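Asks: Structure, please.
(one chain, ligands or ions: 1)
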Amino acid sequence: MSDVSPAAPLDLDDLTALAVDIAREAGELARRRRSEGVTVAATKSVIADVVTEADREVERLIRDRIAAARPADGFFGEETGAERGTSGLTWVVDPIDGTVNYLYGIPHYAVSIGVVAGEPVPSEWQQRVGVVFNPANGELFQATRGRGAWLDGQRLAVSEPSEAGALVATGFGYDPATHDGDFARLRRVMPFARDVRRAGAASLDLAYVAAGRLDGYFERGLHAWDHAAGGLLVLEAGGLIGGSPDDAPGREMTIAAGSALFERISTAVYQ
Ligand code: LIP
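Replies: As a prediction, the model looks like this:
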């Protein structure tokens with residue numbers, strides 16, 4: 001972003017409306033590119049960690065829209081990296097979360113846009129706005145700090161497990177060397193789970209916890225852009241999000257659930 005005077009006074013409703021508008025435009029581009037055909041543009045950490053040209057194009061659209069509307073804000077995106085601003089706000093963006101689903105044509109992927117104040121790191125940021133938009137089914141989850149979490153106008157609330165056990169989601173890293181540890185943690189959670197879901201998009205897993213469609217979620221290896229928006233959805237829906245005990249969510253671990261289940265998952269993951 002250019003070096004200009006701080007942005008106009010912060011109106012959280014205006015900021016949320018801008019994030020929603022950008023997410024919808026970006027999501028429509030992603031959906032259109034998917035219908036035209038998608039191929040791998042490059043691999044990143046390991047061969048299974050792919051990026052498509054659509055990822056890059058969608059992030060450029062998001063970045064350009066933000067620069068035009070709020071040039072003093074910072075940006076931190078999965079595909080184009082970070083640039084500090086002067087307003088104290090940073091947009092933390094995953095242009096297409098659930099990239100492998102997107103590549104295979106599975107209609108479960110999302111534009112994830114979070115806006116945070118302070119340092120754009122989970123242990124220090126103060127989340128202000130979160131938007132998670134699935135263009136494949138048109139569902140847009142949004143949250144504004146202190147004003148609740150919403151799905152298409154319906155207020156969201158986390159669930160508590162039934163007597164049958166907790167419906168829990170998780171994920172496995174791209175690096176096969178990490179899978180044994182992931183499966184060991186899952187084995188420790190299963191005794192109090194009714195079933196597990198592995199849907200492939202962290203931002204939507206978090207949105208589903210906020211919506212009560214999942215009772216809980218945990219995954220190792222997430223980046224800030226995976227949970228910056230979805231984490232606020234969970235908090236504003238009355239849930240908890242964290243990482244290793246007493247830590248913020250991060251690469252080591254992300255756990256999200258209602259308070260009682262959060263503690264059970266954390267204990268099982270770290271026993
Ligand atoms: C993905 C996450 C997913 C995780 C994948 C990957 P990407 O993000 O949403 O939960 O299991 O390993 O990190 O790469 O699609 O933006």
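
Asks: In this structure Phe172 contacts Gly181, no?
Replies: No. Using C-beta atoms under 8 Å, Phe172 makes no contact with Gly181, being 9.7 Å away. (C-beta placed from N, C-alpha, C; glycine too.)

Asks: Just read off the phi/psi values of Arg34.
Replies: phi -60, psi -40 (degrees, to the nearest 10).

Asks: and it, how many residues sit next to it?
Replies: 19 (other C-beta atoms under 10 Å).

Asks: Ile265 now?
Replies: Neighbour count of Ile265, defined by other C-beta under 10 Å: 27.

Asks: Quick one: residues contacting it.
Replies: Residues near Ile265 by C-beta atoms under 8 Å, 6 or more residues apart in numbering: Val168, Val189, Gly216, Phe218, Ile255, Ala257.

Asks: Tell me how far the residue of the stretch 1-150 of the chain found nearest the ligand lies from Glu53.
Replies: Residue nearest to the ligand within the stretch 1-150 of the chain: Thr99 (3.6 Å; C-beta to the nearest ligand atom). The spacing between Thr99 and Glu53, counted by C-beta to C-beta, to the nearest Å, is 12 Å.

Asks: more crowded one of the two?
Replies: Thr99 (25 against 13).

Asks: ok, the more buried one touching Asp55?
Replies: Yes. Under the criterion of C-beta under 8 Å, Thr99 makes contact with Asp55 at 6.2 Å.

Asks: Common neighbours of the two, please.
Replies: Counting by C-beta under 8 Å, 6+ apart, Thr99 and Asp55 have no common neighbour.

Asks: Surely Pro122 and Ala248 touch.
Replies: Yes. Using C-beta under 8 Å, Pro122 makes contact with Ala248 at a distance of 4.1 Å.

Asks: what sits in contact with each of those two?
Replies: The contact lists of Pro122 and Ala248 share no entry, where a contact means C-beta under 8 Å, 6+ apart.

Asks: if you count what's nearby, which of these two comes out ahead?
Replies: Shown here are Pro122 and Ala248; by other C-beta under 10 Å, Pro122 has more neighbours (24 against 18).

Asks: so which helix or strand takes in Thr90?
Replies: Secondary structure assignment for Thr90, by DSSP states H and E: strand 89-97.

Asks: Close to the ligand: what parts of the protein are there?
Replies: 78, 94, 97-99, 171, 173-174, 200-202, 219, 226 (C-beta under 6 Å from any ligand atom).

Asks: buried residues in the helix or strand following the strand holding Thr90?
Replies: Downstream of strand 89-97, the next assigned helix or strand under DSSP H and E is helix 99-104. Neighbour counts over helix 99-104 (16 or more other C-beta atoms under 10 Å) mark Thr99, Asn101, Tyr102, Leu103 as buried.

Asks: Could I get these in CSV, plus columns for pLDDT and distance to Asp73?
Replies: As requested, the buried residues of helix 99-104 are exported to CSV (pLDDT from 0 to 100; distance: C-beta to C-beta, whole Å):
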residue, pLDDT, distance to Asp73
Thr99, 95, 25
Asn101, 97, 29
Tyr102, 97, 26
Leu103, 95, 30
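
Asks: And what about Trp150, helix, strand or coil?
Replies: Three-state assignment for Trp150 (DSSP: H, G, I helix; E, B strand; the rest coil): strand.

Asks: nearest spatial neighbour of it, skipping sequence neighbours?
Replies: Leaving aside its chain neighbours, Trp150 sits nearest to Gln142 (5.4 Å; criterion: C-beta to C-beta, 6 or more residues apart in numbering).

Asks: contact partners of the strand or helix carrying that neighbour?
Replies: Per DSSP H and E, Gln142 falls inside strand 139-144. Residues from elsewhere that reach strand 139-144 (C-beta under 8 Å, 6+ apart): 12-13, 15-16, 19-20, 23-24, 128-134, 149-152, 156, 207, 210-211, 229-230, 232-233, 235-237.

Asks: Return the distance of it from the chain's centre.
Replies: Taking C-alpha atoms, centre = their mean, to the nearest Å, the mean C-alpha location of strand 139-144 is offset from the chain mean by 11 Å.
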